[in-house]
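J.: generate a structure from the sequence data that follows.
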Amino acid sequence: MMRNTVISILAMNILLYVSVILDVPILRQCVGLVFLTFLPGFVILRALRMKTGSLVVELSLSVAVSIAFVMFTGLLVNTLCPVLGISAPLSTLPVMVTTSALTLAIFMFSQIGEIGINSNTYSQLFHAEIDTKGVVLCVVSISLLSLSIVGTLYHSVFLLVPAMAGTAAIFATSIFLHKRIPFRYYTFALFVLSLGLLLQTSLITRHIMGYDIFSEYYVYKSVRAAGHWASPGIVLSHDPISNLQSILSITILPTEYSAILNLNGELIFKIVYPFIFCFVPIFLFKIYETQLGKIVALLSVFFFIADPINFYGLEALSIAREMITYLFISAMIFCFVKQDIDLRTRRVLVIMFGAGLAVSSYSLAFLSVILIVFVYVAMRIAGKRDALMNLPLVLYIVGITFAWYMYVATPPLNSLTDALHNVASRLTADFFNPQNRVDPGMAVLSPTSQAMSLNGLIHKVVVYISEFFVVVGAIILTIKPKEFKFHVGFRWMAIFAAFTLLVCIAVPNVAPLLNFSRFYRYVMIFLAPLFILGGMYFLGLFRKIWNRSLTQPRFVFRDFCLFMLTIILIVFFLFRSGFVGTVTGDRPYSSSLDFDRMKTSNFLVTGGSLYNVYAPEQDVFGARWLELRMGNGSLYADYLRGVQTLIDFTTLNLQDIDYIANATGSKPGSYTFLRSFNTLEGIIVFPQGIFNISDLSPSPSQNCRIYSNGGSDVYFTP
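T.: Below is the predicted model of the structure:
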């Protein structure tokens, strides 16, 4: 078996070099993806002599370790290669040679003494007994994935609706028939269905779509073009772009993937990152399973991914850095609760994941530092000790995070300092003003997009029921911790999550500071099991009535509770995904199912919201045409998305573009770029609000329209 492993590792490296040097289509992308995403983690886990007996666990950990390894290898190459005279260290050859050499070196080290990972773990895939029902479950899951991809690419609601219904049916079947299908098939189905949900959103448009992802793509593009990452360094200022330039998950990491796979950066963000993000539900399932058992774990993870805010929604997929960060967070939590893995191995893994977390997302890194310190202090006060979460490890995580943002890239720390100062200085003045507790992201607690319809009312009721169960679970966890069999560290994490969520709602300016919808996604990692446990506890209050009326054993009532919670979850998913609204023709809600309806919606808010996160093909063509033909004159575009389209899809710089404003107008000899939303709706967006195109001075009719493609227009002012 060891000989086969050596041959496989060497063959993979040779295949990588051949596919890259000869640039073999498809083969290069497949081999490169496997090499970067799995192989380094595999050899590192082998060097650590880790034995878990679970293929799913070791495969998931391999991905998390590989991403951290590739990211820091890129940082090493970026730092050392310029010293050797290589001006573009993040180009294909330096990245490939260094990553391959280090991977082989670690693998050879792991062969010392001829002891490695238990080979039986990986032979499970070939020697496990095949269950017909499990195979059917996997085949149906793959079919639904295919249906999702084809339906998304062709914008076919007739394919997407059955795919969404099939996803709900698979989860319901997994619960109702859990005694008849081996659980090893469920994790595969969970991964495949998760990927289908993500791709329904990420592939709905040809180009990137979302919020922060446009700025992230701009930062990535500058690194890819230079072949080198330049740290912002120690500065006293901050701005959104410099904040993003401070992290490696959207600078060095996608550049390495793009160099090896020879893929456009948009495809890295739209396909590779969602593929990596799919391992987060696997980690969460294992975290919950370790503490609560398989059924509760499966329901808990389904509750997490059923909400688009948490997983497959537009916002979750439009923040690429957080997809990588959540992989490290979930892997780190898994190491904390999975105590049957060797302590030394878990400690090394947490050190790696902690470093990866620190350089992947500044906001989640700061929040996680506070969480870990809180849990450590709470456990010490309660007289509880954990061999892994000791003082040196806590100090390491705190130290590596603040060292990075104090000595390598200071803009995020400057931003945090200013934000905290703003909250503290206005606390007393704003405390009794409810408006200062409001953030647009808080709509997740009370959906309003379909509030005037019967569907909207049912949607709200289902969401309120889920929130009620989570609140019940949080209260019981706090006052009766023995009711739930949580790992002591995870219990304090959940309490911290519930407490900070309360603070976010109650304390002025905290919700806008944390960006509530993103913060909600973070805390739901810890609170998702409380929906199931809180629901079971609440329904359990009626156990005596059940026993008296039906004289049934207690375990039957537990099954009834799980059955009811499963039904609620399915209804929750069908409403939150937009399935019900699409089928009934209600107001557009889902960015994947209702994309075409949003584009043609009579509601200006609906259409405007879509075009603020979406770059139509006409806009991209118009921007590229303008770049090729414009002279030295000034350039104007509407605020935010118009400017963002120009800098994302051309080589134009942000400093070269001014915002359109009705008061200032455009200078003689200048160009004005109007995106599709401007021409279709006749509206211009600028920092202070909106105005009609007819209010422009000089008006478009007085200028010369030199380009139009049915969407975007380009005007020249003589």
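J.: what about Val507, how many residues close to it?
T.: For Val507, the count of nearby residues is 17 (other C-beta atoms under 10 Å). Using the backbone N, CA and C atoms, a C-beta is placed for each residue, glycine as well.
J.: tell me both backbone torsions, phi and psi, for it.
T.: phi -90, psi 130 (degrees, to the nearest 10).
J.: relative to Met524, how far out is it?
T.: With the distance defined as C-beta to C-beta, to the nearest Å, Val507 ends up 20 Å from Met524.
J.: among the helices and strands of the chain, which one scores worst on average pLDDT?
T.: Least confident helix or strand, the chain: helix 119-127 with a mean of 53, by mean pLDDT, DSSP states H and E.
J.: so what touches stretch 184-199?
T.: 56, 128, 131, 134-135, 137-138, 141-142, 144-145, 147-149, 152, 163, 167, 170-171, 174, 178, 271, 274-275, 277-279, 281-282, 285, 294, 298, 301, 305, 311-312, 317 (C-beta atoms under 8 Å, 6 or more residues apart in numbering).
J.: would you show me how to pick out the buried ones of those residues in ChimeraX?
T.: The buried residues among the contacts of stretch 184-199 can be selected in ChimeraX (16 or more other C-beta atoms under 10 Å) with this line:
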select :56,134,137,141,144,145,147,148,149,152,163,167,170,171,174,271,274,275,277,278,279,281,282,285,298,301,305,311,312,317
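J.: quick one: which of the contacts of stretch 184-199 sit in helices?
T.: Among those, the members falling in helices (DSSP state H) are 56, 134-135, 137-138, 141-142, 144-145, 147-149, 152, 163, 167, 170-171, 174, 274-275, 277, 279, 281-282, 285, 294, 298, 301, 305, 317.
J.: give me the three-state assignment for His589.
T.: Not quite, residue 589 is Tyr, not His. The assignment at Tyr589 comes out as coil when based on DSSP: H, G, I helix; E, B strand; the rest coil.
J.: pLDDT at it, what is it?
T.: With respect to pLDDT, Tyr589 scores 74.
J.: again, but for Ser249
T.: 96.
J.: confirm it sits in a helix?
T.: No - under three-state DSSP, Ser249 sits outside any helix and is assigned coil.
J.: gap between it and Tyr614?
T.: 23 Å.
J.: which of these two has more residues huddled nearby?
T.: Ser249 (26 against 22).
J.: so how far is Thr98 from that one?
T.: 19 Å.
J.: repeat that for Gly534.
T.: 49 Å.
J.: neighbour count winner among the two?
T.: Neighbour comparison, Gly534 and Thr98: the larger count goes to Gly534, with 25 against 18 (by other C-beta under 10 Å).
J.: now do the contacts for the closest residue to Leu59 other than its chain neighbours.
T.: Leaving aside its sequence neighbours, Leu59 sits nearest to Phe38 (C-beta to C-beta, 6 or more residues apart in numbering; 7.5 Å). Residues in contact with Phe38, defined by C-beta under 8 Å, 6+ apart, are Leu59, Ser62, Val63, Ser66.
J.: one more time with 10 Å
T.: If you count contacts by C-beta atoms under 10 Å, 6 or more residues apart in numbering, Phe38 has them with Met12, Leu59, Ser62, Val63, Val65, Ser66.
J.: okay, these in TSV with pLDDT and neighbour count next?
T.: Compiled in TSV, these are given as follows (pLDDT from 0 to 100; neighbours: other C-beta atoms under 10 Å):
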residue	pLDDT	neighbour count
Met12	93	17
Leu59	93	20
Ser62	96	23
Val63	97	22
Val65	97	25
Ser66	97	25
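J.: which stretches in the chain count as strands?
T.: Applying DSSP state E to the chain gives strands spanning 635-637, 657-659, 671-674, 683-686, 689-692, 704-708, 713-716.
J.: packing partners of the last one?
T.: Helices and strands touching strand 713-716, as assessed by 3 or more C-beta pairs under 10 Å, 6 or more residues apart in numbering; DSSP states H and E, comprise helix 617-629, strand 671-674, helix 676-681, strand 704-708.
J.: run the last query once more with 8 Å
T.: helix 617-629, strand 671-674, strand 704-708 (3 or more C-beta pairs under 8 Å, 6 or more residues apart in numbering; DSSP states H and E).
J.: how about the third one?
T.: In terms of contacts (3+ C-beta pairs under 8 Å, 6+ apart), strand 671-674 is packed against helix 617-629, strand 635-637, helix 641-649, strand 713-716.
J.: in its sheet, which strands sit next to that strand, and in what direction?
T.: Strand pairing for strand 671-674, using DSSP bridges, gives strand 635-637 (parallel), strand 713-716 (antiparallel).
J.: which outside residues touch it?
T.: Contacts for strand 671-674 (C-beta under 8 Å, 6+ apart): 622-623, 626, 630, 633-638, 642, 645-646, 660, 666, 684, 693, 700, 703, 712-717.
J.: which of these count as buried?
T.: With burial judged by 16+ other C-beta under 10 Å, the buried subset of the contacts of strand 671-674 is 622-623, 626, 630, 634-638, 642, 645-646, 660, 666, 684, 693, 700, 703, 712-717.
J.: and Tyr211, what does it touch?
T.: Leu314, Glu315, Ser318, Ile319, Val613.
J.: which residues touch the third one?
T.: Counting by C-beta under 8 Å, 6+ apart, Ser318 makes contact with Ile208, Met209, Gly210, Tyr211, Asp212, Ile213, Val613.
J.: which two among those are spaced furthest apart?
T.: Met209 and Asp212 (11.6 Å; C-beta to C-beta).
J.: between the two, which is the more surrounded one?
T.: Met209 (24 against 18).
J.: was I right to think that one contacts Asn612?
T.: No - if you go by C-beta atoms under 8 Å, Met209 and Asn612 don't touch, sitting 10.4 Å apart.
J.: ok, residues contacting stretch 396-411?
T.: So stretch 396-411 is in contact with 231-239, 242-243, 245-247, 351, 354-355, 357-359, 362, 365-366, 368-369, 372-373, 412-413, going by C-beta under 8 Å, 6+ apart.
J.: just give me the neighbour total for the nearest residue to Leu357 once chain neighbours are set aside.
T.: Leaving aside its sequence neighbours, Leu357 sits nearest to Phe328 (C-beta to C-beta, 6+ apart; 4.3 Å). Neighbours of Phe328 under the rule other C-beta under 10 Å: 30.
J.: per-residue confidence for Met564?
T.: pLDDT, Met564: 91.
J.: now do the contacts for the spatially most central residue of the chain.
T.: When C-alpha atoms, centre = their mean is applied to the chain, the residue found nearest the centroid is Met323 (2.9 Å). Neighbouring residues of Met323 by C-beta under 8 Å, 6+ apart: Tyr273, Pro274, Ile276, Phe277, Ala316, Leu317.
J.: surely the fifth one and Ile309 touch.
T.: Yep, that's Ala316 we're talking about. Yes - applying C-beta under 8 Å, one finds Ala316 in contact with Ile309, separated by 6.8 Å.
J.: domain map for the chain?
T.: Listed by automatic domain parsing, the domain ranges of the chain are 2-115, 131-425, 431-577, 615-716.
J.: which among the ones you listed is found nearest to Thr600?
T.: Nearest to Thr600, of the domains of the chain and by C-beta to C-beta, is domain 615-716 at 9.9 Å.
J.: rewinding a little: of the contacts of Phe38, just say which sits nearest to Val488.
T.: Val65 (26.0 Å).
J.: got the contact list for the residue nearest to the closest one when sequence neighbours are not counted?
T.: In this structure, Val65 finds its nearest non-sequential neighbour in Gly41, 3.5 Å apart by C-beta to C-beta, 6+ apart. Contacts for Gly41 (C-beta under 8 Å, 6+ apart) come out as Leu61, Ser62, Val63, Ala64, Val65, Ser66, Ile67, Phe69.
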